[in-house]
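S.K.: Just the structure for this:
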Amino acid sequence: MADKPARALVIYGDGLMPLVHTHIHKLASLGSCGFLALREAENEDARVLRELCQLFDMPYPKLSERFMGMRALLCTIGFPVANIDDLASELLKWLGFQDGKVTETSEYDLVFVHVLLNVLVGDILQIAQSAPQISSRLHLSLILSYGSISEESNDLAKLYPKQCYTMKEGDIRNHHPMLIAQWQDAITRRDRAQAFEFEEFQKNGGSLSILAERFIYEIAFKLWKAPKYGA
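M.R.: This is a model prediction of the structure:
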């Protein structure tokens, strides 16, 4: 159990699940891996917006009202940094992680990045793992989705056994969920998954599956901004 609240960095790649690389596999091998189940969408335009909205459980009240004044930032294309080499450091700085240390206060509690870069994941892991003060307080989540997909696209990407949430909420799709790996040194469980792949998570992941719209509640708990979801 952590003795201080974490600060969370979430990296979300829409439709980029097939494009995984070395650093992404490394994060999977370090962290706790599982799935975020999604609701069906009517078309591609609706899918893009709906999947992002599910991660924040919109359109409910803003995060600061739900989670004890949580300060959150959503980043998409167009970062205020000179080049990609500065991006990892800039993201961590917003969370109060700088020069291998943790500041008492930070500009944000949660930074959500709507992009995926293999180099970015590698840079963040390198910075965090070389600084124990940072790695024990940084809660890093990497989420990848399949994008536009149909149930017939790949029979291997189906969730089983049937989860209890499908009985209460009937519009949950049982195939091609978001894949998620989470890591916080000495805090998150380290499961047996060694690669960021559906079959590997299904066989060796430790986090099973939850609804995508409950993800933000789990993050808020890690930041000491909400009680444990389901408790």
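
S.K.: going forward, measure contacts between C-alpha atoms and count neighbours the same way
M.R.: Fine.

S.K.: wait, isn't Ala186 in contact with Ser136?
M.R.: Yes. The pair Ala186 and Ser136 passes the contact test of C-alpha atoms under 8 Å, sitting 6.6 Å apart.

S.K.: between those two, which one's more packed in?
M.R.: Shown here are Ala186 and Ser136; by other C-alpha atoms under 10 Å, Ser136 has more neighbours (23 against 12).

S.K.: Quick check: that one vs His175, distance?
M.R.: Counting by C-alpha to C-alpha, to the nearest Å, the separation of Ser136 from His175 is 34 Å.

S.K.: go on, Leu87?
M.R.: 33 Å.

S.K.: likewise Leu38?
M.R.: Leu38 is 9 Å from His175, by C-alpha to C-alpha.

S.K.: So which of the two has more stuff around it?
M.R.: Neighbour count, other C-alpha under 10 Å: between Leu38 and His175, Leu38 has more, with 24 against 20.

S.K.: dump the residue contacts of the more buried one.
M.R.: Counting by C-alpha atoms under 8 Å, 6 or more residues apart in numbering, Leu38 touches Glu51, Gln54, Ile172, Arg173, Pro177, Met178, Leu211, Ala212.

S.K.: One more pass at 6 Å, please.
M.R.: Ile172, Arg173, Ala212 (C-alpha atoms under 6 Å, 6 or more residues apart in numbering).

S.K.: What number of residues are in the vicinity of the last one?
M.R.: Translated: Ala212. Other residues near Ala212 come to 21 when the count uses other C-alpha under 10 Å.
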